[in-house]
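> any chance you could fold what I've pasted below:
(one chain, ligands or ions: 2)
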Amino acid sequence: MIKITNGAYTYGSQTGFHDVNLQIQSGEAVCIMGPNGSGKSTLLKTIVGLFSLEKGKYVFNNQQIDKTFLSDSDNTGPFYQQFGFVFQNSDVQLFNTSVNDELAFGPEHLGLSKEDVQQRVNDCLKLLKIERLRDRVPYHLSGGEQKLVAIASVLTMNPDIIILDEPFNGLSPKYRALITQIVKQLHHAGKTIIISSHHFNQIRSLVDRVYVFSEDHTITREITADQLEEMPRFIDYLDNL
Ligand code: ADP
Ligand code: MG
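Ligands and ions are numbered 1, 2, ... in the order given. I've put the predicted structure just below:
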């Protein structure tokens with residue numbers, strides 16, 4: 001489904017990532033690990049088409065995703081719709097004046113009826129257990145509450161692929177447990193999950209496979225969760241990146 005071969009992206013003279021090879025199948029749950037600044041967010045933004053590769057090749061469902069593809073809005077509409085991207089900082093993602101409006105914003109632009117939009121909003125509020133936040137201003141919520149709203153607002157679009165960039169950062173154990181449970185539920189429902197983290201234990205129960213970035217902005221290791229369970233010292237390393 002997602003295949004990147006020898007991919008590289010730079011910000012001016014600053015390397016985002018280089019020589020990255022990655023392949024993710026539909027329905028998999030994969031974690032991108034690595035220390036701060038190693039390239040995780042840049043890679044996730046490339047996968048969803050916010051950036052195009054400067055070197056190498058990105059193929060999504062047999063379609064090459066490059067500058068030309070991404071500059072045509074006939075392509076990008078259907079392409080973007082497959083992804084739900086939960087940004088590392090939820091406050092950049094939330095801009096409506098109520099949680100209800102925040103969740104309705106995406107589906108309203110899909111041309112659904114008012115009733116269908118509200119049904120999706122209600123379902124997602126319930127799934128994330130945040131019905132109580134419906135009339136609150138997203139900007140005023142706590143970090144954990146904002147993260148749940150950001151996830152819910154992505155799920156109202158019913159994307160096939162859900163990408164979460166360090167979703168556990170700064171959250172209390174209670175919120176971490178809730179998000180873990182929801183991600184598991186989505187994975188069991190057949191969604192493809194791509195999550196980034198620098199604490200292995202936070203994603204241990206969630207993923208099938210892990211890619212590991214080095215400080216040098218490239219992926220140096222790809223390993224299954226089962227293989228990892230036999231490698232306590234590597235787990236320890238991955239838990240303290
Ligand atoms: P991670 O998500 O693993 O912490 P990033 O993908 O955010 O890492 O960053 C990878 C590298 O790209 C880092 O060296 C970072 O400083 C650099 N970088 C990220 N965003 C920008 C930007 N907007 N402009 C310049 N450099 C950037
Ligand atoms: Mg990041």
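> list, one by one, the residues from the chain near ligand 2.
Selection of the chain residues close to ligand 2 by CB under 5 Å from the ion yields K40, S41. Glycine gets a C-beta too; all of them are placed from N, C-alpha and C.
> so the closest residue in space to F79 that isn't next to it in sequence, which of the three states?
Excluding the flanking residues, the one nearest F79 by CB to CB, 6 or more residues apart in numbering is G49, at 5.8 Å. The three-state label given to G49 by DSSP: H, G, I helix; E, B strand; the rest coil is coil.
> now for G49: which residues touch it?
G49 sits next to I65, L70, T76, F79, Y80, F83 when contact means CB atoms under 8 Å, 6 or more residues apart in numbering.
> got the residue ranges for the strands in the chain?
Taking DSSP state E as the criterion, the chain contains strands spanning 2-11, 14-24, 29-33, 55-60, 63-64, 83-86, 161-165, 192-197, 209-213, 219-224.
> CSV please, covering those and showing distance to Q118 and mean neighbour count.
As requested, the strands of the chain are exported to CSV (distance: least, CB to CB, whole Å; neighbours: other CB atoms under 10 Å):
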stretch, distance to Q118, mean neighbour count
strand 2-11, 33, 17
strand 14-24, 33, 18
strand 29-33, 30, 25
strand 55-60, 32, 17
strand 63-64, 34, 12
strand 83-86, 19, 22
strand 161-165, 22, 23
strand 192-197, 27, 24
strand 209-213, 38, 22
strand 219-224, 42, 15
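> closest to M231 out of these?
Shortest distance between M231 and the strands of the chain, using CB to CB, is found for strand 219-224: 8.0 Å.
> if we can go back for a sec, what subset of the contacts of G49 is buried?
With neighbours counted using 16 or more other CB atoms under 10 Å, those contain these buried positions: I65, L70, F79, Y80, F83.
> nearest to ligand 2, of those residues?
Proximity to ligand 2 was ranked across those by CB to the ion; first place goes to F83, at 16.7 Å.
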